[in-house]
Structure formats: C-alpha cells, structure tokens
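Peer 1: Okay, predicted coordinates and the sequence, questions at the end:
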Amino acid sequence: MDVQARLTSKGQVTIPKSVRDALGLVEGDSLVFRVEDGRASIAKSGDLIALAGSVAVPPAVKGMAWNDVLRRAHRHLDEAPG
C-alpha cells in the first residue's frame with residue numbers, strides 16, 4: 001500500500017486512516033520509526049518499558065551503539081557453522 005501525506009511546518013504528519021487501520025493504530029499507541037538507506041518505515045511498538053530488564057545485556061556489548069551490536073551479531077551468525 002502506498003499512501004501519501006504532507007509534512008506540516010511543525011514537522012507533523014497525519015497518518016492516513018487507511019494506514020492506521022492497516023496497522024491497528026488507536027489514540028495513545030506508541031510508534032517506532034526506522035530509517036535505513038534514505039527510507040523510513042513505521043511500526044506500532046509494544047510496551048518497551050514493560051520489557052525493560054527482561055533480557056540480560058552481556059558485558060561485552062554493554063554501552064555499545066545498537067548498530068554496532070547488530071553488526072557484531074550478524075558477523076557472528078555469518079561465521080557460525082551450519
């Protein structure tokens with residue numbers, strides 16, 4: 001689905017109803033924006049605060065930038081046998 005919307009002078013965009021319906025968005029929902037290669041995607045996010053602390057962070061990656069963590073994980077997966 002391709003739907004167009006305009007950016008206001010305040011940097012705001014109204015999410016078109018067809019997109020809200022497709023994502024099941026309602027007032028008060030949190031959204032996540034991901035920007036990669038000059039493109040942005042939007043997704044309904046879960047309650048991230050409720051997940052805080054549910055996964056231990058290994059000391060080797062604590063404080064590391066998320067992109068570096070992902071690169072390291074992908075490199076590890078590429079090197080894994082199988």
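Peer 2: Arrived safely.

Peer 1: next one: stretch 58-65 to chain centre, how far?
Peer 2: 20 Å (CA atoms, centre = their mean, to the nearest Å).

Peer 1: What is the end-to-end distance of it?
Peer 2: Stretch 58-65 has its terminal residues 13 Å apart, counting by CA to CA, to the nearest Å.

Peer 1: Could you pull up the mean pLDDT of that stretch?
Peer 2: Across stretch 58-65, the average pLDDT comes to 86.

Peer 1: Just the buried positions in that stretch, please.
Peer 2: Judged by neighbour count (16 or more other CB atoms under 10 Å), stretch 58-65 contains no buried residues. Any C-beta I mention is one placed from the backbone N, CA and C, and that applies to glycine too.

Peer 1: So what touches the lengthiest helix in the chain?
Peer 2: Ranked by residue count under DSSP state H, the longest helix found in the chain is helix 66-79. The contact list for helix 66-79 (CB atoms under 8 Å, 6 or more residues apart in numbering) reads V61, M64.

Peer 1: same question, stretch 40-47
Peer 2: Outside stretch 40-47, the residues that touch it by CB under 8 Å, 6+ apart are I15, L23, G24, L25, D29, S30, L31, V32, F33, R34.
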